[in-house]
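I need the structure of the sequence given here:
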Amino acid sequence: MSSVDSNSRTWLDSIKIYLHPRAITLLFFGFSSGLPLLLVFGTLSFWLREAGVERSLITYFSWVGLAYGFKWLWAPLVDRLPIPILSKLLGRRRAWLLIAQLMLVIGLIGLSHADPLDNLEWMALFALLVAFSSATQDIVIDAYRIESAGERLQAAMAATYMAGYRIAMIVAGAGALALANMFSIFPDLYDLNAWKTAYLCMAALMMIGIFTTLVVKEPTAVEMDEETLQQQEKIIEYTERYAHLPDPIARFLGWAYIAIICPFVDFIQRYGKQAIIILALIGTYRISDVILGIIANVFYVDMGFSKADIARIIKVYGVVMTIVGAGLGGILVNRFGVLRILFLGGLLVALTNLLFAWLATLGNNTTALTVVISLDNLSGGIATAAFVAYLSSLTNIQYSATQYALFSSIMLLFPKFLGGFSGGFVDHYNYETFFIIVAALGLPVLFLVHLASQIEKLKLKHK
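Purely as a prediction, here's the structure:
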């Protein structure tokens, strides 16, 4: 067989990986995970802006997303704590998934009945419930993905997850806007009842995730390695040490040792001082696109783009380009390795974010918007597929939910915090300056990726 034929066959094998049952399952879980996100960020910010809520309040409102940044606090419960009755019926992972998804339905119904002009605080509470439930669902889905397949499948599963995720974003973005427009008596005017109907429809679509949870198989339980078994013995020691306390408290302290302390100690022990570099990379890799995403919908409204423009270009065509980017990223990772594509994705995201500064100088130009969104979302898809695969490679399967929750929380915490100030920054300066600074924030990430690659080389050398 010629080298060309061999190379073509290798590329074909890389593409066929998307037909694996686990990869297909993650498509539906990705939809369930992606649906709530825009409904408490992008689409909700559009609703609030159309209702006349101040721009600075809208970006402060995005702080409900910090629930995603602190999900590591309750991830140990998800990792270790069984849910009475449900865990026996469905298994540990699926039981938690079902609870999170039902909470999401309740939160979205609550949002649909809130009025931002009369009870913004009430709306914030339901948005927080949605964010908390969505973060919990993400914890379980990430653990399910890591426990369901080996490293070879992780990039492909990340790509199909991203595809489902972005399809859901089309629905939660373009779909919700189209529904709000369709049910408005006067489409050009604010209509509370139209938004209520749109959000009720989104709550109904969570049934896709619930149905998937009920029909898929629970991943095979992870067998504890020698180190974990030793830690289990320490639980007994800790329990006996606090025997003078009430029995429930003594047992909780013993359980907390392995569920909360051990996952963090494990990561530090595996990487030592190099863990600081890895955590810095995780905490800043998505800084450019996360900060930009918080104010993006406000920017589109201020530039004069209509709901129809946003639905057609940003929420449909742009999301399709993200899916293409994620699929391409999965193939590239399978062919060239995680860290090379991680570097490529970080560079592309930083460069394409500069295009928003150019768009800000043009104003309402749908052709330019199409170009900017296409290139930015394609880059974001490549970067995200590589990043998810990288985070998965760092995770010890013994503590999959807790450690991945820690990594993904660190990923969002700092960018989300900075993003809350974006509205005030634009008020004092302008969009062009804002987008240039946001793009520049992504450049130091490339140096951190380089350092991470050196760590990986050292790790392989000592094996």
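
tally of neighbours for the nearest residue to L279 once chain neighbours are set aside?
Using Cβ to Cβ, 6 or more residues apart in numbering and skipping residues adjacent in sequence, the residue nearest L279 is I410, 6.0 Å away. (C-beta placed from N, C-alpha, C; glycine too.) Close neighbours of I410, defined as other Cβ atoms under 10 Å, add up to 20.

May I see the buried residues of the helix or strand harbouring I410?
Using DSSP states H and E, I410 sits in helix 400-419. Buried positions in helix 400-419, judged by neighbour count with 16 or more other Cβ atoms under 10 Å: 400-416, 418-419.

after it, next one along is what?
Downstream of helix 400-419, the next assigned helix or strand under DSSP H and E is helix 422-428.

Just list what that next one packs against, helices and strands only.
helix 55-61, helix 287-302, helix 431-441 (3 or more Cβ pairs under 8 Å, 6 or more residues apart in numbering; DSSP states H and E).

Would you mark the buried spots in the second one?
Neighbour-count burial for helix 287-302, with 16+ other Cβ under 10 Å as criterion, is recorded at 287-301.

Same question for the next helix or strand after that helix: list its buried residues.
For helix 287-302, the following helix or strand on the C-terminal side (DSSP H and E) is helix 307-309. Under the neighbour-count criterion of 16+ other Cβ under 10 Å, helix 307-309 has 307, 309 buried.

pull the CA atoms of the helix or strand just after helix 307-309 into CSV?
Using DSSP H and E, the next helix or strand after helix 307-309 towards the C-terminus is helix 319-336. Output of helix 319-336 as CSV, limited to C-alpha atoms (Å, rounded to 0.1, in the frame of the first residue of the first chain):
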residue,chain,number,x,y,z
VAL,A,319,-23.0,28.0,15.7
VAL,A,320,-22.8,25.8,12.6
MET,A,321,-19.2,27.1,12.2
THR,A,322,-18.5,26.2,15.8
ILE,A,323,-19.6,22.7,15.2
VAL,A,324,-17.4,22.5,12.1
GLY,A,325,-14.5,23.8,14.2
ALA,A,326,-15.1,21.3,17.0
GLY,A,327,-15.3,18.4,14.5
LEU,A,328,-12.1,19.6,12.8
GLY,A,329,-10.5,20.0,16.2
GLY,A,330,-11.3,16.5,17.2
ILE,A,331,-9.8,15.1,14.0
LEU,A,332,-6.6,17.3,14.4
VAL,A,333,-6.2,16.2,18.0
ASN,A,334,-6.4,12.6,16.9
ARG,A,335,-3.8,13.2,14.2
PHE,A,336,-1.4,15.6,15.8
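
average pLDDT for helix 319-336?
Taken as a whole, helix 319-336 carries a mean pLDDT of 82.

which residue sits closest to T197 in space, ignoring its chain neighbours?
The nearest residue in space to T197 (Cβ to Cβ, 6+ apart) is F183, at 4.7 Å.

and of the buried residues of helix 287-302, the nearest to R335?
Nearest to R335 out of the buried residues of helix 287-302 is D289 (Cβ to Cβ; 23.9 Å).

Contacts only, for the closest one.
Contacts for D289 (Cβ atoms under 8 Å, 6 or more residues apart in numbering) come out as 349, 353, 376, 380, 383.

if you set the cut-off to 10 Å instead, what comes out?
Residues near D289 by Cβ atoms under 10 Å, 6 or more residues apart in numbering: 296, 349-350, 352-353, 376-377, 379-380, 383-384, 415, 438, 442.

Closest to R166 out of those?
For these, the closest approach to R166 (Cβ to Cβ) belongs to N377, at 8.4 Å.

before we move on, back to that, mind putting the helices and strands packed on helix 422-428 in TSV, distance to R340 included?
Formatted as TSV, the helices and strands packed on helix 422-428 follow (distance: least, Cβ to Cβ, whole Å):
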stretch	distance to R340
helix 55-61	35
helix 287-302	19
helix 431-441	22
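
State the helix or strand in which the nearest residue to F417 once chain neighbours are set aside lies.
Once flanking residues are discounted, F417 sits nearest to L66: 7.2 Å by Cβ to Cβ, 6+ apart. Using DSSP H and E, L66 falls within helix 66-69.

Quick one: distance of the next helix or strand after that helix to the chain centre.
Following helix 66-69 in sequence order, the next helix or strand is helix 75-80 (DSSP H and E). Distance of helix 75-80 from its chain centroid, counting by Cα atoms, centre = their mean, to the nearest Å, is 18 Å.

If you count contacts, what does helix 75-80 end up packed against?
helix 92-112, helix 120-148, helix 247-256, helix 262-271, helix 400-419 (3 or more Cβ pairs under 10 Å, 6 or more residues apart in numbering; DSSP states H and E).

And those: which comes nearest L281?
It is, among the helices and strands packed on helix 75-80 and with distance given as Cβ to Cβ, helix 400-419, at 9.6 Å.

residues near the closest residue to L129 other than its chain neighbours, how many?
Nearest non-adjacent residue to L129, counting by Cβ to Cβ, 6+ apart: G107, 3.9 Å away. By other Cβ under 10 Å, 25 other residues sit near G107.
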